[in-house]
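Colleague: sequence and computational prediction follow.
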Amino acid sequence: MAFGWIDEQASARRRAGLVRTLRPRPADSPLLDLASNDYLGLARHPEITEGAAEAARRWGAGATGSRLVTGTTELHGELERELADFCGFEAALVFSSGYAANLAAVTALAPHGSLIVSDAGNHASLIDGCRLARGTTQVVAHADPEAVRKALAAGGGAPAVAVSDTVFSVDGDAAPLAGLAAACREFGAGLLVDDAHGLGVLGEGGQGAPYAAGLACAPDVVVTVTLSKSLGSQGGAVLGPAKVIDHLVNAARTFIFDTGLAPAATGAALAALRLLRREPERAARAREVARELHARLTASGHEAVRPDAAVVSVRAPSPDQAVRWAADCRAAGLAVGCFRPPSVPDGVSRLRLTARADLTREQIDRAVGIIGDTRP
């Protein structure tokens, strides 16, 4: 029977309590949101939604083609220039998603005969990039520059690139970027980091984790970002030396063969970036809220990981209890994330809370109270 194996896998997921379902949200949800990645509270900001609407009115609903054919508008160029300038890099290239940006960067920078050294805690998009790249991948211990150094030393002098998140999406811990860069430079390797959870939160005014680590505009560092988290829009980008960006235009399949980012998303991201420049205090506020959530939760006896950015991870006893805990929070009026295997590499299920710069003290009190009241 065609696709009979799907039934077997579905049964195995049900037995393990790992079935995932889609849950459409209403336009005006009554839930207090600590589940989305809207770190700066910009997704519904009137300036950002107007930026999207104006772009759609002027340029149309869709990009109409790939970036190399008809899918590049003047807005794309403006966003790329301003994003590169804000983050301190020579050039930028916008993609239809952060996932596509990561696939592009990894595959284009790891040709046949090269070595990729990948952190064990990396996001799925980086992992998939490693799988698709023609280079050889070696996975190393999480957030360990010495492990990266040993892998590069054993590489036999082959062209190499180390790949890491800057802030890991599960526990919200930050990578030791300075140590990783030092290890790479010892062996002439490149460093590719995904700043999806750092842009808009870390660095002065939200300029990102590489900027904060002194790696901006480095000739051996390439950064990917998403426009769907702090900037409240959609899409992704790669930042780095101009020659790397030119190489991606000519070699990255998820750029060449994908339809360009829609004008509305491009306009929204540009409006958000400009607002962040005017209101840099939003980044510090997001970090402040994360620290307060962590302090309040640990004081109440929860096992929570200290946040380095805006993600607060709270351990749950088991996958089933994590799902039930998240559902009970929702029933009480609070939306939280629920991470469990296989999404978590260590097999430990968690509630994942995302701090937002626009959360009030009353909302923080309410969230902490609900999480405590529903604890399994």
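Modeller: That came through fine.

Colleague: ok, now which ones touch the closest residue to Pro219 other than its chain neighbours?
Modeller: Distance criterion C-beta to C-beta, 6 or more residues apart in numbering; nearest residue to Pro219, sequence neighbours excluded, is Pro241 at 5.4 Å. Quick note: C-beta positions are derived from backbone N, CA and C, even for glycine. Shown in contact with Pro241 (C-beta atoms under 8 Å, 6 or more residues apart in numbering): 89-91, 219, 222.

Colleague: closest one of those residues to Thr72?
Modeller: Nearest to Thr72 among the contacts of Pro241: Ala91, at 14.4 Å, using C-beta to C-beta.

Colleague: neighbours of that closest one, how many?
Modeller: 19 (other C-beta atoms under 10 Å).

Colleague: my read: it touches Leu239, true?
Modeller: Yes. Using C-beta atoms under 8 Å, Ala91 is in contact with Leu239, at 7.3 Å.

Colleague: hmm, back to that, distance of the residue nearest to Pro219 relative to Val223?
Modeller: Pro241 sits 11 Å away from Val223, going by C-beta to C-beta, to the nearest Å.

Colleague: around Ala153, how many other residues sit close by?
Modeller: Count around Ala153 with other C-beta under 10 Å applied: 12.

Colleague: tell me who's in contact with the residue nearest to Gln138 when sequence neighbours are not counted.
Modeller: The shortest distance from Gln138 to any non-neighbouring residue, by C-beta to C-beta, 6+ apart, is to Ala151 (4.9 Å). Listed by C-beta under 8 Å, 6+ apart, the contact set of Ala151 reads 115, 117, 138, 140.

Colleague: that older thread, give the residues shared as contacts by Ala91 and Leu239.
Modeller: Ala84.

Colleague: from the contacts of Pro241, which land in helices?
Modeller: Among the contacts of Pro241, DSSP state H puts none in helices.

Colleague: what about the helices in the stretch 151-300 of the chain?
Modeller: 177-186, 209-212, 242-251, 253-256, 263-278, 281-299 (DSSP state H, counting those that start in this stretch).

Colleague: quick one on the thing from earlier: can you pull the residues that touch both of Pro241 and Val223?
Modeller: Phe89.

Colleague: what subset of the contacts of Pro241 is buried?
Modeller: Those of the contacts of Pro241 that meet the buried threshold are 89-91, 222, by 16 or more other C-beta atoms under 10 Å.

Colleague: follow-up on the earlier one: would you turn the helices of the stretch 151-300 of the chain into CSV with mean neighbour count?
Modeller: Listed next are these as CSV, based on neighbours: other C-beta atoms under 10 Å:
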stretch, mean neighbour count
helix 177-186, 19
helix 209-212, 24
helix 242-251, 16
helix 253-256, 19
helix 263-278, 23
helix 281-299, 19
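
Colleague: re earlier: of the contacts of Ala151 - the most surrounded one?
Modeller: Val117 (29 neighbours).

Colleague: ok, that residue - contacts?
Modeller: Contacts of Val117 (C-beta under 8 Å, 6+ apart): 137-138, 140, 148, 151-152, 160-163, 189.

Colleague: where strands are concerned, which of those residues count?
Modeller: Here DSSP state E is the test, and the contacts of Val117 give 137-138, 140, 160-163 as lying in strands.

Colleague: neighbour-wise, which of those residues leads?
Modeller: Neighbour-wise, those (other C-beta under 10 Å) top out at Val163, 30 neighbours.

Colleague: that one contacts Ser118, doesn't it?
Modeller: Yes. Counting by C-beta under 8 Å, Val163 touches Ser118, with 4.8 Å between them.

Colleague: spit out the contact partners of the residue nearest to Leu275 when sequence neighbours are not counted.
Modeller: Leaving out its chain neighbours, the residue that sits closest to Leu275 by C-beta to C-beta, 6+ apart is Glu47, at 5.6 Å. Residues in contact with Glu47 (C-beta under 8 Å, 6+ apart) are 271-272, 275.

Colleague: any chance of those residues in JSON lines, with pLDDT too?
Modeller: Below are these laid out as JSON lines (pLDDT from 0 to 100):
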{"residue": "Ala271", "pLDDT": "98"}
{"residue": "Ala272", "pLDDT": "98"}
{"residue": "Leu275", "pLDDT": "98"}
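
Colleague: list the contacts of Val106.
Modeller: 116, 126, 129-130, 132-133, 161, 163, 192.

Colleague: out of the residues you listed, who's nearest Leu79?
Modeller: Leu192 (21.1 Å).

Colleague: for the closest one, name its beta-bridge partners.
Modeller: Under DSSP bridges, the beta-bridge partners of Leu192 are Val163, Val222.

Colleague: distance check, Gly4 against Leu83.
Modeller: Gly4 is 47 Å from Leu83, by C-beta to C-beta.

Colleague: so which of the contacts of Ala151 is the closest to Arg20?
Modeller: Taking the contacts of Ala151 together and measuring to Arg20 by C-beta to C-beta, the closest member is Val140, at 29.3 Å.

Colleague: in this structure, what secondary structure element scores lowest on mean pLDDT?
Modeller: helix 4-16 (a mean of 89; mean pLDDT, DSSP states H and E).

Colleague: just checking, next helix/strand downstream of that one?
Modeller: Once the chain leaves helix 4-16, the next helix or strand it forms, by DSSP states H and E, is strand 32-34.

Colleague: state the mean pLDDT of that following strand.
Modeller: For strand 32-34, mean pLDDT rounds to 97.

Colleague: that one - which strands sit beside it in the sheet, and in what orientation?
Modeller: For strand 32-34, pairing defined by DSSP bridges yields strand 334-339 (parallel).

Colleague: how distant is the helix or strand following the partner strand from the center of its chain?
Modeller: Helices and strands here follow DSSP H and E; after strand 334-339, the next one along the chain is strand 350-354. Here the centre of strand 350-354 is set off from its chain's centre by 15 Å, with C-alpha atoms, centre = their mean, to the nearest Å.
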